[in-house]
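A.B. asks: predicted coordinates and the sequence they were generated for:
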Amino acid sequence: MKIGISTSTFFNTVSAENMFELMRKMRIDTTEMCLYTFSDYEKDYIDSLAQLRGNIDVVAVAPLATQFEPQLFSPNVRVRNDAELLFRKVCYACFAFGAKYYTFCGPINLTGVKQFDYRRLAQRFMQLSEIAASYGVKLSLKNLRWSFASTPEFFKNILEACPGLFATLSVYHAESAGYDIREFLDVCPPERVSLIKVQDFVKNEWCLPGKGKFRFDRLFAELDHRQITAPVVFSAQSDSYTDFVQVREGFEYLVSEYRATKE
């Protein structure tokens, strides 16, 4: 199992052009690459960043999903087509970075809908998965608390309906939606979990690993028991640390907790 860090941790503190070099200096070789704005999706920009990757393994690429992913499910053809143009650009970014997975969020659920037309949704997910596959990429659905995919039930139903769909599971979003991450693991086939995203927390505030109360040892033991070998990456808000030494210490803490479960 690989342990890494999401580039979201460096948002607002390091330019995208310097993130790979910083991670190399920190001896971190696994990451999820996050893109944030429309110019980030352009081919020339992506190609220039990809040249800086070096030996760092980009396991997934995550766009700012609210910019276009909900529109991929619009009943309006023109809206869907425009959204697909951006979707394809992100798929290309995955290809350029050598990432196997596109961290996908999909439709927003701000009104708290609980009944879904899984047949219709599955049809669209499969169409998008086919587009991603043409770039050599697999679509991996994330359990965002404000999306359709906020519950284990949704994951169970949509994964059963879409054999080519994978899962990116976030501890933060599981907890925020009122679930234990194990409830999502229960409904996801081990071989279809592409990425585990973690954060620590104390007094309801999220922080760097090792600074809070989350039991990473239990998480790693649970993953080992279920034979889930997907990479584990952590992300943190830029205001949760004052220097990169603290970020490195958070990474080292995760590695030590993982190694302890293997002894």
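C.D. replies: Here it is on my side, so go on.

A.B. asks: quick one: the strands in this protein?
C.D. replies: Here the chain has its strands, by DSSP state E, at 3-6, 30-34, 57-62, 101-104, 138-142, 166-170, 193-198, 200-202, 205-207, 232-234.

A.B. asks: what does the third one rub up against?
C.D. replies: Contacts made with strand 57-62 from outside it, assessed by C-beta atoms under 8 Å, 6 or more residues apart in numbering, are listed as 2, 4, 6, 8, 29-35, 90, 93-94, 97-103, 140, 142, 168, 194-195, 231, 233. (Each C-beta comes from the backbone N, C-alpha and C, glycine too.)

A.B. asks: so what strands line up beside that strand?
C.D. replies: The strands that strand 57-62 pairs with in its sheet are strand 30-34 (parallel), strand 101-104 (parallel) (by DSSP bridges).

A.B. asks: same question, the first one
C.D. replies: Using DSSP bridges, strand 3-6 pairs in its sheet with strand 30-34 (parallel), strand 232-234 (parallel).

A.B. asks: of those, which is nearest P107?
C.D. replies: Set against P107 and scored by C-beta to C-beta, the strands paired with strand 3-6 come closest in strand 30-34, at 20.1 Å.

A.B. asks: need the residues that contact that closest one.
C.D. replies: The contact list for strand 30-34 (C-beta under 8 Å, 6+ apart) reads 2-8, 11, 19, 23, 56-64, 93, 97, 99, 103, 195, 197, 231, 233, 235.

A.B. asks: any weak-confidence spans in the stretch 1-150 of the chain?
C.D. replies: When the per-residue scores of the stretch 1-150 of the chain are filtered using pLDDT under 70, no range remains.

A.B. asks: can you show me the helices along it?
C.D. replies: Listed in chain order, the helices found in the stretch 1-150 of the chain under DSSP state H, counting those that start in this stretch are 16-25, 43-50, 77-97, 118-133.

A.B. asks: is it possible to export those to JSON lines including distance to P107?
C.D. replies: Shown next, in JSON lines, are those (distance: least, C-beta to C-beta, whole Å):
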{"stretch": "helix 16-25", "distance to P107": "28"}
{"stretch": "helix 43-50", "distance to P107": "25"}
{"stretch": "helix 77-97", "distance to P107": "11"}
{"stretch": "helix 118-133", "distance to P107": "8"}
